[in-house]
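> A predicted structure for the sequence below; I have some questions about it.
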Amino acid sequence: QVQLAESGGGLVQAGGSLRLSCAGSTRTFRNYAIGWFRQAPGKEREFVGTISWGGSRIYYAASVKGRFTISRDNGLNTVHLQMNSLKAEDTAVYYCAARAAFSDSALSEYDYWGQGTQVTVSS
C-alpha cells in the first residue's frame with residue numbers, strides 16, 4: 001500500500017510553466033507505475049500521462065504531448081510532472097495515482113490516489 005501526495009500547483013499565466021510533484025509515503029512507491037490525471041470543473045476526469053516503475057516507459061495524452069514531461073526519482077519516492085506552455089484549458093485539479101503494472105491505456109484502473117493539487121492558468 002502507498003499514500004500519495006501532490007504538490008506544486010498554483011496560479012500561472014498562459015504560456016508559463018509549473019512543476020507538480022507526487023510524493024510516495026513508502027519505499028514501495030518505486031514498485032508502482034504512476035499516472036497523472038486532471039479534472040476541470042464540470043468535466044470528467046482526464047488522463048494526462050503515465051510512467052513505469054523504472055521510468056523507462058512514458059506515455060502522454062495527445063492533449064499534452066510535447067508540452068508536459070513526466071519523470072521520476074525513486075531514490076526520493078517522487079514523480080514530477082513538468083508542464084510548459086500552459087494554456088487556459090489546462091486549468092484543473094491534478095491527481096497522481098499508482099498501479100502495479102504499467103499501462104498506457106487511459107481506461108486502466110489505478111489502486112491509489114492522491115488528494116489533488118489545483119492548477120489555474122489565466123489567459
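Noted; the coordinates are in hand.
> can you tell me how far Ala40 sits from Phe47?
Per Cβ to Cβ, to the nearest Å, Ala40 is found 13 Å from Phe47. (Each C-beta comes from the backbone N, C-alpha and C, glycine too.)
> Compare those two (neighbour count), which wins?
Neighbour count, other Cβ atoms under 10 Å: between Ala40 and Phe47, Phe47 has more, with 21 against 14.
> Just confirm that one contacts Ala106, I think it does.
Yes - the pair Phe47 / Ala106 is scored as a contact, 3.5 Å apart, by Cβ atoms under 8 Å.
> What sits closest to Gly16 if chain neighbours are left out?
Nearest non-adjacent residue to Gly16, counting by Cβ to Cβ, 6 or more residues apart in numbering: Leu86, 5.5 Å away.
> tell me the secondary structure for that neighbour?
Following DSSP: H, G, I helix; E, B strand; the rest coil, the label given to Leu86 is coil.
> cool, Ala101 as well?
Under three-state DSSP, Ala101 comes out as coil.
> ok, so what distance separates the residue nearest the centre of the chain from Ser123?
Compute the mean C-alpha point of the chain, and by Cα atoms, centre = their mean the closest residue is Trp36, 2.7 Å away. Distance, Trp36 to Ser123, by Cβ to Cβ: 22 Å.
> All set now, cheers.
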